[in-house]
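*Asks:* Task: produce atomic coordinates for the following.
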Amino acid sequence: MKQRLKKRWPYLSGGFVFILFAAYLAASMAGSAAGRRCRMEWERDYDAGIARLQRGELDGAEENLKASLATIERFTGKEDFRYVKSLTGIATVYYAADRLEDAGRLYKEAAGLAQEVAGLDVVDQSAPLHGMASVEYASGDYGLCEQHARIVISQREDALSCLSHTDEAFASLSGKLRGDLGLLRDCLKKQSKVDEASRIEQRIAQME
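*Replies:* Here you go, the predicted model:
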């Protein structure tokens with residue numbers, strides 16, 4: 001009996017390893033299929049939402065962007081950088097609709113997550129904080145607006161210093177920086193800090 005077991009053991013071991021490998025392969029294929037489905041569904045709804053937002057179709061944009069957020073919640077969760085992008089998009093819809101309290105709440109959540117997740121470029125990482133500053137300006141909270149605008153400007157200046165003028169991202173990031181500087185300039189004017197506002201105005205002109 002012992003000899004028979006010894007003879008059978010190698011085959012049993014090999015069969016067990018095969019079963020484990022087959023299970024791993026099946027799980028990997030299922031994971032890959034789920035990942036592809038997640039990417040396709042998210043990109044479809046997110047891109048449609050941003051396009052609608054740019055056309056001013058706020059109700060449709062909100063619907064698409066919420067669908068993109070639901071996809072990420074279902075497949076991956078808040079640790080996914082796409083969650084931040086969808087959340088920021090919804091906040092921007094609310095800002096455009098003058099729902100400042102809702103926009104500020106979502107921008108704040110997205111800004112916190114943006115510092116933790118991997119995969120965001122500097123534009124997407126800074127976008128929620130820029131949104132917060134915009135909400136604060138619209139709400140008359142110029143002190144916080146100035147504080148957050150300065151942080152965003154610093155982040156984008158650091159990123160620009162690492163790029164060549166011929167880099168494709170340079171022009172896009174420079175445009176975002178001009179917008180940040182414009183927000184800071186307006187915020188400073190509201191606080192009667194006219195000298196610095198004038199210097200920033202000159203800097204913006206030099207960048208154009």
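*Asks:* Closest to the centroid, which residue in the protein?
*Replies:* With distances taken as C-alpha atoms, centre = their mean, the residue of the chain nearest its centroid is K85 (3.2 Å).
*Asks:* from the chain's centre, how far out does stretch 50-58 sit?
*Replies:* How far stretch 50-58 lies from its chain's middle: 18 Å, per C-alpha atoms, centre = their mean, to the nearest Å.
*Asks:* helix, strand or coil for V93?
*Replies:* Secondary structure state of V93, per DSSP: H, G, I helix; E, B strand; the rest coil, is helix.
*Asks:* My read is that it contacts L58, right?
*Replies:* Yes - the pair V93 and L58 qualifies as a contact (C-beta atoms under 8 Å) at a distance of 5.5 Å. In this view, the C-beta of every residue, glycine as well, is placed from N, C-alpha and C.
*Asks:* what comes up buried for whatever helix or strand S126 lives in?
*Replies:* S126 is part of helix 122-138 when elements are defined by DSSP states H and E. For helix 122-138, a neighbour-count test (16 or more other C-beta atoms under 10 Å) marks 122-137 as buried.
*Asks:* Now flag whichever of these is closest to S68.
*Replies:* D124 (13.9 Å; C-beta to C-beta).
*Asks:* quick one on the thing from earlier: settle it for me: which of V93 and L58 has more neighbours?
*Replies:* For V93 and L58, the more surrounded residue by other C-beta atoms under 10 Å is V93, and the numbers stand at 27 against 16.
*Asks:* Now for the more buried one: which residues touch it?
*Replies:* Neighbour list for V93: G49, L53, L58, A61, E62, L65 [criterion: C-beta atoms under 8 Å, 6 or more residues apart in numbering].
*Asks:* For the first one, the count of nearby residues, please.
*Replies:* This means G49. Neighbourhood size, G49 [other C-beta under 10 Å]: 26.
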